[in-house]
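Novice: pasting the structure only:
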């Protein structure tokens with residue numbers, strides 16, 4: 001029995017060392033490699049293991065419960081990325097105050113274009129989704145996986161134009177006659193300049209210089225490389241061979257995703273450095289708050305959820321559910337965040353909408 005305890009304690013100490021390495025990677029983000037990406041992504045599961053280990057080692061040998069307790073407490077360094085204690089009823093923001101503007105990011109999942117959209121129940125949802133977006137009150141809309149098709153139920157462009165979004169920026173190379181699929185920025189304020197780049201398929205970035213009163217903000221909307229993991233297939237596998245096969249596919253997609261997004265981030269960095277205006281970056285990052293790109297951005301910009309968010313702010317509406325991959329970052333030397341909301345009750349897409357309200361300093 002003593003031999004088993006010693007072995008388990010040795011294994012736990014090794015696990016504690018692995019955990020400390022993860023903490024170091026998240027704090028200093030020294031590497032954009034896929035291996036570091038895997039390690040940082042494991043942070044929530046690793047912390048949970050240490051939390052469970054506290055009572056276990058307390059029962060086995062009280063003194064040894066101190067180490068998992070210390071490791072768990074140390075995870076508090078990353079609490080601001082994980083949970084915000086903001087009031088559930090925040091103070092109302094003066095919407096029409098001069099210099100205030102709101103930005104909503106919402107991966108609309110092509111407005112359910114690839115679902116059974118001919119069914120009346122689905123068509124009703126599509127109409128409700130467009131109506132909710134149009135009436136959201138956002139001044140600027142950043143929509144990854146945006147879809148627009150003239151003279152159909154997917155005629156979102158004309159619909160939102162009537163709602164006041166008179167200005168827009170798209171991937172110009174993705175315009176196919178009467179339809180469009182990709183990232184889009186729509187604005188109630190004038191867009192005085194824009195630029196775009198496509199990475200893979202509908203993934204890419206658009207920058208729009210938006211005139212708000214006498215000031216200009218550069219909104220960079222992005223949709224970084226999607227991994228399309230298919231976790232539901234992995235979860236529903238009943239045979240071990242199926243689990244192994246799906247597991248290998250999932251790991252290969254994740255590895256490729258870390259590599260692709262690191263390359264895309266170099267383009268984003270160049271855009272940020274070249275901006276003569278305060279930048280606001282929003283969209284579907286496909287990166288959790290403990291990742292390389294998130295860590296790099298928060299060294300020079302503020303994250304809106306961390307400043308004004310509430311709760312966990314989970315933004316993904318499918319497996320694994322409890323992740324936040326949609327973000328807004330802003331230049332706090334020129335902008336102030338007034339409010340940030342995750343609309344977790346809006347379930348038309350596989351993502352939840354997020355909205356930040358800002359003011360020029």
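Specialist: Received the coordinates, thanks. None of these values were measured; they are calculated from a predicted model.

Novice: and the helices in the stretch 151-300 of the chain?
Specialist: 156-162, 231-235, 240-274, 292-297 (DSSP state H, counting those that start in this stretch).

Novice: which of these has the lowest average pLDDT?
Specialist: Lowest mean pLDDT within the helices of the stretch 151-300 of the chain: helix 231-235, at a mean of 46.

Novice: quick one on the thing from earlier: let me have the helices of the stretch 151-300 of the chain in TSV, extended by distance to residue 355 and mean neighbour count.
Specialist: Bear in mind the C-beta positions are built from the backbone N, C-alpha and C, glycine included. As requested, these are exported to TSV (distance: least, Cβ to Cβ, whole Å; neighbours: other Cβ atoms under 10 Å):
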stretch	distance to residue 355	mean neighbour count
helix 156-162	15	17
helix 231-235	27	13
helix 240-274	21	15
helix 292-297	19	21
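
Novice: which of the ones you listed sits closest to residue 139?
Specialist: Closest approach to residue 139 among those is made by helix 156-162 (12.5 Å; Cβ to Cβ).

Novice: against which helices or strands is that closest one packed?
Specialist: Secondary-structure packing of helix 156-162 (3 or more Cβ pairs under 8 Å, 6 or more residues apart in numbering; DSSP states H and E): helix 120-134, strand 140-149.

Novice: if you compare these, which one is most tucked away?
Specialist: strand 140-149 (a mean of 26; mean count of other Cβ atoms under 10 Å).

Novice: run the angle between that strand and helix 120-134 for me.
Specialist: 150 degrees (axes from the mean of the first three to the mean of the last three Cα atoms, to 10 degrees).

Novice: from the contact counts, what lies against strand 140-149?
Specialist: The criterion is 3+ Cβ pairs under 8 Å, 6+ apart, and the helices and strands that strand 140-149 contacts are strand 100-105, helix 156-162, strand 179-187, strand 215-223, strand 279-284.

Novice: how far away is the residue nearest to residue 75 when sequence neighbours are not counted from residue 8?
Specialist: Nearest residue to residue 75, sequence neighbours excluded (Cβ to Cβ, 6 or more residues apart in numbering): residue 47, at 4.6 Å. In this view, residue 47 and residue 8 are 19 Å apart by Cβ to Cβ, to the nearest Å.

Novice: comparing these two, which residue is more hemmed in?
Specialist: residue 47 (21 against 14; other Cβ atoms under 10 Å).

Novice: now for the strand or helix carrying residue 19, which elements pack on it?
Specialist: Element membership for residue 19 (DSSP states H and E) is helix 2-28. Helices and strands touching helix 2-28, by 3+ Cβ pairs under 8 Å, 6+ apart, are helix 34-41, helix 43-60, helix 66-74.

Novice: how many neighbours does the residue nearest to residue 323 when sequence neighbours are not counted have?
Specialist: Nearest residue to residue 323 in three dimensions, chain neighbours excluded: residue 316, at 5.1 Å (Cβ to Cβ, 6+ apart). The number of residues packed near residue 316 is 20, by other Cβ under 10 Å.

Novice: quick one: residues contacting residue 316.
Specialist: With contact set as Cβ atoms under 8 Å, 6 or more residues apart in numbering, residue 316 has these partners: 323, 324, 325, 326, 350, 351, 352.

Novice: swap the cut-off to 10 Å and go again
Specialist: 107, 284, 286, 288, 322-326, 349-352 (Cβ atoms under 10 Å, 6 or more residues apart in numbering).

Novice: tell me the spacing between residue 353 and residue 129.
Specialist: 10 Å.

Novice: in a markdown table: the helices of the stretch 151-300 of the chain, plus distance to residue 21.
Specialist: Shown next, in a markdown table, are these (distance: least, Cβ to Cβ, whole Å):
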| stretch | distance to residue 21 |
| --- | --- |
| helix 156-162 | 46 |
| helix 231-235 | 26 |
| helix 240-274 | 17 |
| helix 292-297 | 15 |
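
Novice: just so I know, which of those helices lies nearest residue 60?
Specialist: helix 240-274 (31.3 Å).

Novice: just want the angle from that closest one to strand 215-223.
Specialist: 160 degrees.

Novice: thinking residue 58 is in contact with residue 69, fair?
Specialist: Yes. At 8.7 Å, residue 58 and residue 69 qualify as touching, with contact defined as Cβ atoms under 10 Å.

Novice: let me know the pLDDT of residue 208.
Specialist: Note on residue 208: pLDDT of 97.

Novice: bridge partners for it, pull those for me.
Specialist: residue 194, residue 219 (DSSP bridges).

Novice: starting at the chain centroid, how far to the host helix or strand of residue 338?
Specialist: If you go by DSSP H and E, residue 338 is part of strand 335-342. Offset of strand 335-342 from its chain centre (Cα atoms, centre = their mean, to the nearest Å): 15 Å.

Novice: against which helices or strands is it packed?
Specialist: Applying 3 or more Cβ pairs under 10 Å, 6 or more residues apart in numbering; DSSP states H and E, one finds that strand 335-342 contacts strand 100-105, strand 279-284, strand 302-303, helix 304-308, strand 310-311, strand 326-330, strand 354-360.

Novice: pull up the pairing partners for it, direction included.
Specialist: strand 354-360 (antiparallel).

Novice: the inter-axis angle of the strand it pairs with versus strand 326-330?
Specialist: 10 degrees.

Novice: could you give the average pLDDT over strand 354-360?
Specialist: Here the average pLDDT along strand 354-360 is 98.

Novice: now do it: distance to the chain's middle.
Specialist: In terms of Cα atoms, centre = their mean, the centre of strand 354-360 is found 16 Å from the chain centre.

Novice: re the thing from before, quickly list what's touching both of residue 353 and residue 129.
Specialist: Both residue 353 and residue 129 are contacted by 106, 108, 346, under the criterion Cβ under 10 Å, 6+ apart.
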